[in-house]
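Peer 1: from the sequence below, what's the structure:
(one chain, ligands or ions: 1)
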Amino acid sequence: MAETKKLLRTLAGEVLDTPPIWMMRQAGRYLPEYRATRAQAGDFLSLCYNPELAAEVTLQPIRRYGFDAAILFADILLVPQALGADLWFETGEGPRLSTIGAQADFDRLKPVEAIHETLAPVYETVRILTRELPAETALIGFAGAPWTVATYMIAGRGTPDQGPAHALREGNPALFDALIARLTAATIEYLSAQIEAGAEVVKIFDSWAGSLKGEAFTRYALEPCREITQALKARHPGIPVIGFPREAGEGYVGFAKATGVDCVALDNSVTPDWAAAHVQVDGCVQGNLASSHMVTGGQALVDETRRIVEAFSKGPHIFNLGHGITPDADPENVQLMIDTVRKG
Ligand SMILES: Cc1c2[nH]c(c1CCC(=O)O)Cc1[nH]c(c(CCC(=O)O)c1C)Cc1[nH]c(c(CCC(=O)O)c1C)Cc1[nH]c(c(C)c1CCC(=O)O)C2
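Peer 2: Here you go, the predicted model:
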């Protein structure tokens, strides 16, 4: 049967009349129905590990907006937790983890094979979604990229400049490389299990790739993404992979060719015209409306949405934001964006 899901057709290189659309963090706090289900679960991590409720919040934006793709509801920091790190969320602040600063901290981590014990509920969420999603909606699985996950594991929290991770990378390269290798192997197993459970596409989020420059970008952003992509494609021939080396700038150029990803997701620090000329020449791109438009709305949202659709109209393009939607966004503005993409 010919592929009918718009997202999968686009990832295979087709250029459609209107691009498929979904949104990073589409299941999130800007939606009242998400806040209600999260309250029912108790807290964010309990929601991630509750397959029925995690599937429910994944489906909410599909019901409300009819996006072309659903993204599994989970978090990139579940992998460190599955490797034995402590993880909790401070209300209003963000994630906190036990830190990795010395060899002894690394030695306490679990082996890669142990991750499935913790992550089994996530695979169950995927299985529920394969049954419950509409036939036209593609299911995206995901994981954090090794560098981005390592920045949280080393610092024990989010950091503005990833300083502690850079310090370890320079001060103890053997330990840093061992952590990246463990995360790369764990990510392959995690994404592979998501695919076996029914994920049709996987996305690798490297949110902090932009702070890696030159040789460090090649070694710690590009190379792990290549390794993960190649391993997944060897095990699951034809599985499409989206890479998101956020704020990579010039690093976006040639990223798809060097890693084998089928699509490069773009943040909004690059202009659509530049990205069409320098990144989309190699294949599918995703992005890149500034998420601030979901707060401010109005004619600027419409104009910028049209500009992005037009700039990428000559090649395969998945419409998305440049980064996740924020809790202060207005759900009406999301509808306006979708209507603009679909009706012009
Ligand atoms: C760095 C990172 C994380 N998580 C993620 C990234 C990479 C993408 C990015 O850069 O945003 C990825 C992520 N996090 C979440 C998803 C689910 C799928 C989706 O709808 O996109 C995905 C793909 C749910 C979430 N992950 C988180 C929420 C909000 C939690 C809540 O409900 O209170 C959601 C919906 C929490 C989270 N999780 C993380 C942080 C720093 C925070 C706190 C910041 C915040 O509150 O927004 C780590």
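
Peer 1: which bits of this protein sit near the ligand?
Peer 2: With CB under 6 Å from any ligand atom as the criterion, the chain comes near the ligand at residues 24-29, 38, 44, 71, 73, 75-77, 94-95, 142, 144, 158, 205, 207, 324. Any C-beta I mention is one placed from the backbone N, CA and C, and that applies to glycine too.

Peer 1: same thing but at 5 Å, please
Peer 2: Residues of the chain lying close to the ligand (CB under 5 Å from any ligand atom) are 24-28, 44, 71, 75-76, 94, 142, 158, 205, 207, 324.

Peer 1: just the ones of those in strands?
Peer 2: Among the residues of the chain next to the ligand, the ones falling in strands (DSSP state E) are I71, G94, F142, F205.

Peer 1: okay, now the unreliable bits of this protein?
Peer 2: 1 (pLDDT under 70).

Peer 1: centre-most residue in it?
Peer 2: Closest to where the C-alpha atoms of the chain average out (CA atoms, centre = their mean) is F205, at 4.0 Å.

Peer 1: before we move on, back to that, by neighbours, which of the ones in strands among the residues of the chain next to the ligand wins?
Peer 2: Taking other CB atoms under 10 Å as the neighbour criterion, I71 ranks highest of these with 23 neighbours.

Peer 1: next, count neighbours for the nearest residue to it once chain neighbours are set aside.
Peer 2: With CB to CB, 6 or more residues apart in numbering as the criterion, I71 has its nearest non-adjacent residue at 4.5 Å, and that residue is I140. Look at I140: counted by other CB under 10 Å, it has 20 neighbours.

Peer 1: how close does I140 get to F176?
Peer 2: For I140, the distance to F176 (CB to CB, to the nearest Å) stands at 30 Å.

Peer 1: re the thing from before, the residue nearest to the centre of the chain against F142, yeah?
Peer 2: Yes: if you go by CB atoms under 8 Å, F205 and F142 touch, sitting 6.1 Å apart.

Peer 1: which residue of the protein sits farthest from its center?
Peer 2: The chain, CA atoms, centre = their mean, max distance from centroid: A104 (30.6 Å).

Peer 1: give me the packing partners of the helix or strand harbouring that one, helices and strands only.
Peer 2: Assigned by DSSP states H and E, A104 belongs to helix 103-107. Other helices and strands packing on helix 103-107, by 3 or more CB pairs under 8 Å, 6 or more residues apart in numbering; DSSP states H and E, are helix 173-197.

Peer 1: how about 6 Å then?
Peer 2: If you count contacts as 3 or more CB pairs under 6 Å, 6 or more residues apart in numbering; DSSP states H and E, helix 103-107 packs onto no helix or strand.

Peer 1: roughly how far apart are whichever residue of the stretch 201-344 of the chain sits closest to the ligand and A150?
Peer 2: Residue of the stretch 201-344 of the chain nearest the ligand, by CB to the nearest ligand atom: S207 (3.2 Å). Using CB to CB, we find S207 at a distance of 12 Å from A150.

Peer 1: please apply the same query to R25.
Peer 2: Separation of R25 from A150 (CB to CB): 22 Å.

Peer 1: do T58 as well
Peer 2: For T58, the distance to A150 - CB to CB - is 27 Å.

Peer 1: who's in contact with R9?
Peer 2: By CB atoms under 6 Å, 6 or more residues apart in numbering, the residues touching R9 are E3.

Peer 1: next, give phi and psi for it.
Peer 2: Main-chain torsions, R9, degrees, to the nearest 10: phi -60, psi -40.

Peer 1: that one and the ligand: what is the separation?
Peer 2: 22 Å (CB to the nearest ligand atom, to the nearest Å).

Peer 1: pull the number of nearby residues for the closest residue to H323 other than its chain neighbours.
Peer 2: Ranked by CB to CB, 6+ apart and with sequence neighbours excluded, the top spatial neighbour of H323 is S291, at 5.3 Å. S291 has 19 neighbours, counted by other CB under 10 Å.

Peer 1: ok, now which ones touch S291?
Peer 2: With contact set as CB under 6 Å, 6+ apart, S291 has these partners: L321, H323, I325, T326.

Peer 1: assumed the last one was part of a helix.
Peer 2: No: for T326, which was evaluated using DSSP: H, G, I helix; E, B strand; the rest coil, the result is coil, with no helix membership.

Peer 1: which ones are touching it?
Peer 2: Residues counted as contacts of T326 (CB under 6 Å, 6+ apart) are S291.

Peer 1: now with 8 Å?
Peer 2: Going by CB atoms under 8 Å, 6 or more residues apart in numbering, T326 touches R25, Y30, S291, S292, M294, V295.
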